[in-house]
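Q: sequence first, predicted coordinates after that:
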Amino acid sequence: MEKCIYVSIMLPAFVVNSENQIEQILKKALSLSVKSFEIIEIPSNIGKEMCVRLIDSCKDFLNLNDIETLINENRNLRNSYEKCKESLQTLSSELDKLANDPNALQEQDRVKFQKQTKKLKALKDENKRLRQLLKSQLENSDKQRIETQATVESLREELDLFVRELNNLQKKQTD
């Protein structure tokens, strides 16, 4: 009979050929770090048996149900990831084919693509026109602001002169 190590952390137990494999399985299947568990040998009549004991910091949040749930979630997420990855690769290859081979488009799709291209070009042209309009309006606004500021300053100077003349007239009339 082949010499094996039996590990009983959950049901069903699993069999490994070396103690190093235990750490690898726990890391991969349970996403546990080496610091969160310790491997203990227990006496047995059937061969070398090991027990995995969770270290204190890990005991508070992991129990057998949690571990089984995590394993199932991990398995489901890996499956979902693989499916999504395949779908994305398929879509990407189809998109590359369409982008590189205009003949691959069906007539209806080609017409739709051309309309969307024309619409995009029209939107870009409109955007460019509006930017130029905005730029010219900003320039005009700056010119008007400068002219207004100059007008206000000249009016203020005239008002100051008028007030001085008025004060001079009042002083003359009082004298």
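A: Now that the structure is in, tell me what you want to look at.
Q: quickly find the element holding M50.
A: strand 48-54 (DSSP states H and E).
Q: other SSEs contacting that strand?
A: With contacts defined as 3 or more CB pairs under 8 Å, 6 or more residues apart in numbering; DSSP states H and E, the secondary structure elements packing on strand 48-54 are strand 5-7, helix 19-30, strand 37-42. Heads up, the C-betas are built off the backbone N, CA and C, glycines and all.
Q: most tightly surrounded among these?
A: strand 5-7 (a mean of 18; mean count of other CB atoms under 10 Å).
Q: mean confidence for the host helix or strand of E139?
A: In the assignment (DSSP H and E), E139 maps to helix 107-174. Along helix 107-174, the predicted local confidence has a mean pLDDT of 85.
Q: make 22 the first number, not 1, from now on.
A: Noted, 22 is the first residue going forward, which turns the last one into helix 128-195.
Q: before we move on, back to that, can you put the helices and strands packed on strand 69-75 in CSV and add mean pLDDT?
A: Output for these, formatted as CSV (pLDDT from 0 to 100):
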stretch, mean pLDDT
strand 26-28, 52
helix 40-51, 76
strand 58-63, 78
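Q: name every strand pairing with the strand holding M71 and say which way it goes.
A: strand 26-28 (parallel), strand 58-63 (antiparallel) (DSSP bridges).
Q: who are the contact partners of C105?
A: Neighbouring residues of C105 by CB atoms under 8 Å, 6 or more residues apart in numbering: there are none.
Q: what about it, distance to D163?
A: Taking CB to CB, to the nearest Å as the measure, C105 and D163 are separated by 53 Å.
Q: and of the helices and strands packed on strand 69-75, who's closest to S175?
A: Closest to S175 of those, according to CB to CB: helix 40-51, at 82.5 Å.
Q: quick one, the closest one and strand 69-75 angle?
A: With axes from the mean of the first three to the mean of the last three CA atoms, to 10 degrees applied, the angle from helix 40-51 to strand 69-75 works out at 40 degrees.
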